[in-house]
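Student: give me a 3D structure for the following:
(one chain, ligands or ions: 2)
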Amino acid sequence: MENNYFFKGKPEPAVFDREIFVNQSGYLPHGRKRAVIKVPCEKFNIENEYGTVVYSGETVHFGKDECSGDDIYFADFSDLCSEGRYTVVTERGERSLEFSIGDNIYAPVFDKLVKAYYYLRCGSELCAEHAGQFARPSCHNSSAIEYGSDGTTKYDVSGGWHDAGDYGRYVTAGACAAAHMLYAYKLFPTAFETQRLGIPNDGGLPDVLKEVKYELLWLLKMQRTDGAVWHKATTMTHAQFVMPHEDTAQMYLFAPSSIAAADFTAICALGAEVYRGKDDAFADRLAAAAEKAWLWLEENPEFIGFQNPEGCNTGSYGERNDIDNRFWAAAQLYSLTGEQKYLDRLNSMMIGFSMCDLGYGTVGGLGSLALLLGGRKIPERLYDRIKRDFNSKATELKGLYSSCGYGAAIGGWQFNWGSNMNILKAAMTFIITDRINGKHQYTDCITAQLDYLLGVNATGYSFVTGCGEFCVKNPHLRPAYADNIDECIPGYVSGGPNGNPSDPDALILVPKGTPPMKCFVDDVSCYSLNEITIYWNSPAVFLLAYFMNENKKIDED
Ligand code: 9MR
Ligand code: ZN
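Tutor: Ligands and ions are numbered 1, 2, ... in the order given. All right, here's what the predicted structure looks like:
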């Protein structure tokens, strides 16, 4: 269905011939530092930028890694803490890419991951002052009509971020992405306070809150006057590979769903909490919208899912039930207001879903974060359940991490469409579990997920565009292709390896039987391998904020 684009060249099958894998953004001076080597190696050296050996060590032979088929050796050089530029060299002379050890090494990738949202802005011109060479005209500003209506009522639903490689805007996806960033801000405010992204100004808010506000202002427009929330605003079919302003097809609002209403309630209530005291008028609007959507949900207790109508091929983001979504909504409203009625609803909702899922489809863990970070008293039974769910998940993920040569805390079956989100959600789970337990039990597991994202994986790619010497450059992202600029817009997390690719080019380029972690091609046409989305970037923002914060804490000690 999607194979109707005009591509620049013929995609090439990938060859993964790197021998040594390092985090291409580098390592913090006091962090765990590990290179993964896939050629036989007993001893390794670390050379500085002048070729002087500054560290020597022995590897540990891990053995065969199932997800990649590679025979793995670990080279640990955590004891090397001096700032500088280095290379790992094996006894037989194989060399890694050059990397840094330093305090501020993650700031560039952190900033790019957040600024990436600015480049996805819909309904705004990106001017040269803020977008540089990626400047472009405004887009998707003509009014929308309700699908199935006679079209006489027009709606302004301009604004927000494009969802992904496509130009659709979807409520549940947007709520999830915005939530990851607001929770990151609540947990690690210092990481964001000094961040300067070069985005349009909107008062004295930290840049991340300016950017998230842009999405929230759009979300507010997705609420109908009766409190219901339309599921999505998209054209009938995905646009060709054109610039956003060239996509001028009719915009539709598609049927309200209970999942959209619930996620909307939650994100507006969370926004009301975060913007309170910083932008009170905005916080008031968000709180009122959240309460109105909640009333609509209470009047509509049955599950209202979503399926594309005939002829529509944009994302459907359907879900199978809305228990977890309603849980998130109630949790966030309880956190905002402290009112007993929300607590009563929470107490009645404790079965049938996991309280640690952090995704766009299953959001129980976002409800838990609402409670954990809300500062209200949590009933013991509920708190115990949250604690238990996170701890058992983290234990399971740690098992996967330990059995993977590349340290990925996901099993072979989790290399699916957007596998990098599974990696990043695992990292979030470890971070939150450590937080709940008041311990630093999972630091190595967290570090390994960051390393994986930035180069320590069987493909050798840094999966973030514009970050790292060998990074993804051709993501499935319409403007990045249609702008005719060689350099890719920076800061996007690629979906990553997918053991069951489904787009036509990936089916040709990825030979049957390829191990899951190697089912990847950096090609624009392979949307099931190399697309980007707002909710794959957002858990990466969360993870990087954690590391920015960790580093500050060490500085203060
Ligand atoms: O991530 C989604 C994947 O699991 C589905 O199989 C696929 C097809 O429906 O859709 C993916 O989500 C896309 C969404 O529908 C539209 N925006 C981009 C999303 C990521 O590719
Ligand atoms: Zn647009």
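
Student: what lies in contact with stretch 208-218?
Tutor: For stretch 208-218, the external contacting residues (C-beta atoms under 8 Å, 6 or more residues apart in numbering) are 114, 117-118, 121-124, 157-161, 169, 174, 177-178, 181-182, 184-185, 192, 195, 197, 199-203, 205, 267-268, 271, 274-275, 278-279, 282, 286, 541. Bear in mind the C-beta positions are built from the backbone N, C-alpha and C, glycine included.

Student: can you give me phi and psi for whatever residue of the stretch 51-200 of the chain ends up closest to ligand 1?
Tutor: Scanning the stretch 51-200 of the chain for proximity to ligand 1 using C-beta to the nearest ligand atom identifies A164 as nearest, at 3.4 Å. Listed backbone geometry of A164 is phi -170, psi -140, with angles given as degrees, to the nearest 10.

Student: show me what contacts E83?
Tutor: Contacts were defined as C-beta under 8 Å, 6+ apart; by that measure E83 touches P29, S100, I101, G102, D103.

Student: quick one: list the elements packing against the helix or strand bottoming out on mean pLDDT in the chain.
Tutor: Taking mean pLDDT, DSSP states H and E as the measure, the chain has helix 534-556 as its least confident helix or strand, at a mean of 86. When contacts are defined as 3 or more C-beta pairs under 8 Å, 6 or more residues apart in numbering; DSSP states H and E, helix 534-556 packs onto helix 107-119, helix 171-187, helix 189-193, helix 419-437, helix 443-453.

Student: and of those helices, who's closest to ligand 2?
Tutor: Put simply, out of the helices and strands packed on helix 534-556 the one that sits nearest ligand 2 is helix 107-119, at 11.4 Å, with distance taken as C-beta to the ion.

Student: quick one, the closest one and helix 171-187 angle?
Tutor: Per axes from the mean of the first three to the mean of the last three C-alpha atoms, to 10 degrees, the angle that helix 107-119 makes with helix 171-187 is 140 degrees.

Student: helix 107-119 and ligand 2 in contact?
Tutor: No. For helix 107-119 and ligand 2, the contact criterion (C-beta under 5 Å from the ion) is not met; the two come no nearer than 11.4 Å.

Student: what residues of stretch 239-247 count as buried?
Tutor: Residues of stretch 239-247 classed as buried: A239, F241, V242, M243, P244, D247 (neighbour count, 16 or more other C-beta atoms under 10 Å).

Student: still on that earlier bit, possible to save the helices and strands packed on helix 534-556 as TSV with distance to L216, mean pLDDT and mean neighbour count?
Tutor: As requested, the helices and strands packed on helix 534-556 are exported to TSV (distance: least, C-beta to C-beta, whole Å; pLDDT from 0 to 100; neighbours: other C-beta atoms under 10 Å):
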stretch	distance to L216	mean pLDDT	mean neighbour count
helix 107-119	12	98	23
helix 171-187	6	98	26
helix 189-193	16	96	17
helix 419-437	21	98	24
helix 443-453	27	98	25
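
Student: could those be laid out in JSON lines, adding distance to ligand 1?
Tutor: Output for the helices and strands packed on helix 534-556, formatted as JSON lines (distance: least, C-beta to the nearest ligand atom, whole Å):
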{"stretch": "helix 107-119", "distance to ligand 1": "15"}
{"stretch": "helix 171-187", "distance to ligand 1": "7"}
{"stretch": "helix 189-193", "distance to ligand 1": "26"}
{"stretch": "helix 419-437", "distance to ligand 1": "8"}
{"stretch": "helix 443-453", "distance to ligand 1": "17"}
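
Student: buried only: go through the contacts of E83 for me.
Tutor: By the neighbour-count criterion of 16+ other C-beta under 10 Å, the contacts of E83 include these buried positions: P29, S100, I101, G102.

Student: looking at the residues you listed, which is nearest Q441?
Tutor: The shortest separation between Q441 and any of the buried ones among the contacts of E83 is 21.7 Å, and it belongs to P29 (by C-beta to C-beta).

Student: in the stretch 201-350 of the chain, what residue lies closest to ligand 1?
Tutor: Among all residues of the stretch 201-350 of the chain, G315 sits closest to ligand 1, at 2.5 Å; criterion: C-beta to the nearest ligand atom.

Student: my read is that residue is in a strand, agree?
Tutor: No. G315: not assigned to a strand; according to DSSP: H, G, I helix; E, B strand; the rest coil it is coil.

Student: quick one on the thing from earlier: would JSON lines of the helices and strands packed on helix 534-556 with distance to V54 be doable?
Tutor: Listed next are the helices and strands packed on helix 534-556 as JSON lines, based on distance: least, C-beta to C-beta, whole Å:
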{"stretch": "helix 107-119", "distance to V54": "24"}
{"stretch": "helix 171-187", "distance to V54": "35"}
{"stretch": "helix 189-193", "distance to V54": "30"}
{"stretch": "helix 419-437", "distance to V54": "30"}
{"stretch": "helix 443-453", "distance to V54": "21"}
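
Student: just so I know, which of those lies nearest E146?
Tutor: With C-beta to C-beta, the closest approach to E146 among the helices and strands packed on helix 534-556 belongs to helix 171-187: 14.6 Å.

Student: tell me what angle that closest one forms with helix 419-437.
Tutor: Here helix 171-187 runs at 40 degrees with respect to helix 419-437, directions being taken by the same axes, to 10 degrees.

Student: what angle do helix 534-556 and helix 171-187 make with each other?
Tutor: Between the direction of helix 171-187 and that of helix 534-556, the angle (the same axes, to 10 degrees) works out to 0 degrees.

Student: phi and psi next, for S100.
Tutor: Torsion angles, degrees, to the nearest 10, at S100: phi -110, psi 150.

Student: that one contacts S82, correct?
Tutor: No. Using C-beta atoms under 8 Å, S100 is not in contact with S82, being 11.1 Å away.

Student: how about the residues of the chain by ligand 2?
Tutor: The chain comes close to ligand 2 at residues C122, C139, H140, P244, as judged by C-beta under 5 Å from the ion.

Student: most neighbours, which of the residues you listed?
Tutor: Across the residues of the chain next to ligand 2, the neighbour count under other C-beta atoms under 10 Å reaches its highest value at H140, namely 25 neighbours.

Student: ok, now which ones touch it?
Tutor: H140 makes contact with C122, G123, S158, Y167, P244, D247, M251, according to C-beta under 8 Å, 6+ apart.
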